[in-house]
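Novice: build me a model:
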Amino acid sequence: MFGQELIDEIRKSGLTGRSGSGFNTADKWHAVLNANAEKKYVIANGAEGEPDTHKDYYLLSHYPQEIIKGIILAMHTVGAMEGFLYLKASYFDRLQSKLRHLLRGLPIKLVVENPGGYRCGEETIVIQVIEGKRAEPQFKPPYPTQKGLWGYPTLIDNVETIYTVKLINDGKYKKTHYYTISGHVEHPGTFEAPENITVENLLVLTDNEPQEKTFAQVGGGASGNIVTDNTYFSCKITGTGSVSLHLLGEAPARLLKLIKFYKKESCGKCIPCREGAYRLYELITAPKINWQEIEDILDTMEKTSFCALGRSIALPARGLIKLAGEVKQTITEEEYAKNNN
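Specialist: Purely as a prediction, here's the structure:
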């Protein structure tokens, strides 16, 4: 199937993007198909910068031919003449030999993110990197489906999304999703399981039920929501499909780690994210922590940051602050190291 026929099948499946955005896949493909332009492009995004998430690497390692066929399928469907497979630097180093062999003779280029990091998977930054420009997010609209790579309509989809469309085209889609489990578990790894599964059911299915009091970060190791073990049953897995379990006593150290991560990953383009992340780090490492000021900064970052990076810190930070609420001592570098070795 190609063109509108395949897009209709994608729509029937209810498929949404597997990068964490949850955008309707059929709508995105339809927008590029209907765009009136002399050139169009397709990009399979394998940056996977979200910590504790490795599903795309699993798929690229085990099903590279299917992913490449999915890119070609996408190109034929939307009318693109050239495609790109965009990879996280560590994935590029491990997989480039195999992928270059499989891509030989195909109109698909292998591209490595530069400079790398969490933000380099954001779709407008992906375009900037491929064009050789500074890795900073751009205003939307126009969206990449309207004006993307070199100003032409561009379909950018996560590697798992591209792979899943290939399954839909082949009549093999079983409404499953790939999930990464990590942290304080017996059997970490990537697992295929039904869509919309709860954290508890996934842990049972993979023989990873916690034996101690734990909390989970669900949907991403940076931006994911924080849930405690008594809410596992009702919490469905969203975002990038990752679940990371930690002991309750590790909440203060995880909070510091989270803030350090955002401080490091900010591109510096907007003041709320750049200054907010830096100020959060100052506050959280102070002799006496001003929790109200921290909340004020989180609120500002959530409401005014330019891109999703700065906006996404508030949800996990608030969850970790709530868990660590009874901890009275200062969170020090020594405590961080002790809890994360």
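Novice: contacting residues around stretch 6-20?
Specialist: Residues outside stretch 6-20 that contact it (Cβ atoms under 8 Å, 6 or more residues apart in numbering) are 1, 22-26, 28-30, 33, 45, 50, 55, 73, 77, 121, 157-158, 160-161, 164-165, 168-169, 173, 175, 177-178, 219-220, 223, 238-241. Glycine gets a C-beta too; all of them are placed from N, C-alpha and C.
Novice: mind checking the end-to-end distance for it?
Specialist: Stretch 6-20 has an end-to-end distance of 23 Å (Cα to Cα, to the nearest Å).
Novice: with stretch 265-273 instead?
Specialist: 10 Å.
Novice: tell me what the strand ranked longest in the chain is packed against?
Specialist: When the chain is scanned for its longest strand (criterion: DSSP state E), the result is strand 176-183. Other helices and strands packing on strand 176-183, by 3 or more Cβ pairs under 8 Å, 6 or more residues apart in numbering; DSSP states H and E, are helix 55-62, strand 189-194, helix 199-205, strand 242-247.
Novice: so for K133, which of those sits nearest?
Specialist: Of all these, helix 55-62 sits nearest to K133, with 23.8 Å by Cβ to Cβ.
Novice: sorry, back to before: buried among the contacts of stretch 6-20? Make that a ChimeraX selection.
Specialist: Selecting only the buried entries of the contacts of stretch 6-20 in ChimeraX, with 16 or more other Cβ atoms under 10 Å as the criterion:
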select :1,25,26,28,29,30,33,45,50,55,73,77,121,157,158,160,161,164,165,168,169,173,177,178,219,220,223,239,240,241
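Novice: tell me the most buried of the helices and strands packed on strand 176-183?
Specialist: Ranked by mean neighbour count under mean count of other Cβ atoms under 10 Å, those are led by strand 242-247, which reaches a mean of 24.
Novice: for stretch 160-174, the averaged confidence score.
Specialist: Mean per-residue pLDDT for stretch 160-174: 97.
Novice: for the chain, just list every one of the helices.
Specialist: Ranges of helices in the chain, per DSSP state H, are 3-13, 25-34, 55-62, 64-78, 89-103, 123-130, 159-169, 199-205, 251-265, 271-284, 291-304, 308-312, 314-323, 333-339.
Novice: can you redo these as TSV with distance to E186?
Specialist: Shown next, in TSV, are the helices of the chain (distance: least, Cβ to Cβ, whole Å):
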stretch	distance to E186
helix 3-13	33
helix 25-34	34
helix 55-62	19
helix 64-78	29
helix 89-103	25
helix 123-130	36
helix 159-169	25
helix 199-205	10
helix 251-265	20
helix 271-284	32
helix 291-304	34
helix 308-312	29
helix 314-323	23
helix 333-339	20
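Novice: Q146 is nearest to which of these?
Specialist: That would be helix 25-34 among the helices of the chain, by Cβ to Cβ, at 7.4 Å.
Novice: restricting to C-alpha, output that closest one in PDB.
Specialist: Provided in PDB are the C-alpha atoms of helix 25-34 (Å, rounded to 0.1, in the frame of the first residue of the first chain):
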ATOM      1  CA  THR A  25       0.500   9.600  12.800                       C
ATOM      2  CA  ALA A  26      -2.100   9.600  10.000                       C
ATOM      3  CA  ASP A  27      -2.600  13.300  10.300                       C
ATOM      4  CA  LYS A  28       1.100  14.000  10.000                       C
ATOM      5  CA  TRP A  29       1.500  11.700   7.000                       C
ATOM      6  CA  HIS A  30      -1.600  13.200   5.400                       C
ATOM      7  CA  ALA A  31      -0.300  16.700   5.800                       C
ATOM      8  CA  VAL A  32       3.000  15.900   4.000                       C
ATOM      9  CA  LEU A  33       1.200  13.900   1.300                       C
ATOM     10  CA  ASN A  34      -1.100  16.900   0.500                       C
END
